[in-house]
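Participant: pasting the sequence and the predicted model now:
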Amino acid sequence: MTPVLEVDGLVKSFGGVTAVDRVSLRLEAGAIYGLIGPNGSGKTTLFNCITGVERADAGRVLLDGRRVDGLPPWRIARLGVGRTFQTIRIFPELTAVENLLVVTEGDWEAACARARELLATVKLERLADEYAGNLSYGQQKLVEFARMLMRDPGLVLLDEPAAGVNRTLLNDLLDAVRALRDRGRTVLLVEHDMKVVMGLCETVFVLDHGEKIAEGPPGFIQGDERVIEAYFGR
Ligand SMILES: Nc1ncnc2c1ncn2[C@@H]1O[C@H](COP(=O)(O)OP(=O)(O)O)[C@@H](O)[C@H]1O
Ligand SMILES: [Mg+2]
């Protein structure tokens with residue numbers, strides 16, 4: 001089977017720092033993958049290289065078997081890659097539903113219906129017409145997550161979606177992520193909370209100093225010596 005995402009020998013340096021060091025990954029359809037590692041281990045840079053925000057120095061990125069490295073971010077997005085950021089990017093002076101409609105293309109009525117439907121999937125339907133700036137931090141993160149789904153991406157990259165989100169909203173988010181997986185979408189999740197990773201991910205990749213040091217089911221990698229040293233031991 002052709003993987004949804006294949007990263008092959010990816011390298012990205014900033015000056016003297018090798019942020020991503022010969023990383024290879026394969027993601028199959030309909031699964032949730034975790035990406036963990038200490039701060040500065042290259043997780044966000046890897047996302048940036050996959051989404052075209054950064055250009056890798058070496059290596060390849062393939063979506064459904066097609067090479068996409070070197071393409072601009074908007075083209076990669078159109079090929080079905082959705083992404084959220086570590087820091088919130090919403091428009092506070094627009095309503096929650098308007099924040100989703102900024103990425104609208106095609107039929108307006110259909111887009112409005114879809115936007116409200118997506119807000120309902122993260123239990124924000126009652127706040128659809130509230131200014132996004134009036135929502136809590138966690139609710140704003142859910143708005144951003146819902147917006148990312150407007151184009152129904154086949155591959156979803158989430159950069160620390162749980163950070164700063166209260167338990168109730170976090171459960172709403174995790175339910176929505178599982179629903180994506182159940183609809184055959186593929187999710188790659190950067191997350192520090194090992195309880196979240198254990199409960200959600202089938203396979204976890206571990207980065208340290210830009211290198212992939214382990215890969216496997218969460219229960220397995222938690223017992224890996226290098227992972228304990230790099231991640232849990234510090
Ligand atoms: N735009 C940049 N310019 C210079 N160095 C960067 C840049 N982005 C990331 N880095 C460096 O690359 C390394 C990996 O960072 P990052 O990918 O943000 O790690 P993580 O997301 O795992 O915390 C760090 O040493 C960081 O300082
Ligand atoms: Mg990061």
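Facilitator: Okay, I see it. The model shown is predicted, which means the values in this text are computed figures rather than measured ones. Ligands and ions are numbered 1, 2, ... in the order given.

Participant: what about residue 216, neighbour count?
Facilitator: A count of nearby residues for residue 216, using other CB atoms under 10 Å, gives 16. Every C-beta, even on glycine, is put in place using the N, C-alpha and C of the backbone.

Participant: just to check, residue 4 is in contact with residue 186?
Facilitator: Yes: counting by CB atoms under 8 Å, residue 186 is a contact partner of residue 4 at 4.5 Å.

Participant: got any residues that touch both of the two?
Facilitator: 27, 28, 29, 154, 155 (CB atoms under 8 Å, 6 or more residues apart in numbering).

Participant: which phi and psi does whichever residue of the chain sits closest to ligand 2 have?
Facilitator: As assessed by CB to the ion, ligand 2 sits closest to residue 44 within the chain, at 3.2 Å. Per-residue torsions, residue 44: phi -70, psi -40 (degrees, to the nearest 10).

Participant: pretty sure it contacts residue 86?
Facilitator: Yes: with contact defined as CB under 8 Å, residue 44 reaches residue 86; the gap is 6.2 Å.

Participant: the more surrounded of the two?
Facilitator: Applying other CB under 10 Å to residue 44 and residue 86 shows that residue 44 carries more neighbours, namely 20 against 14.

Participant: residues contacting that one?
Facilitator: 86, 159, 190.

Participant: who does the last one bridge with?
Facilitator: Counting by DSSP bridges, residue 190 forms beta bridges with residue 35, residue 159.

Participant: I figured it hits residue 35, correct?
Facilitator: Yes: counting by CB under 8 Å, residue 190 touches residue 35, with 4.9 Å between them.

Participant: what touches both of those two?
Facilitator: Common neighbours of residue 190 and residue 35 (CB under 8 Å, 6+ apart) are residue 43.
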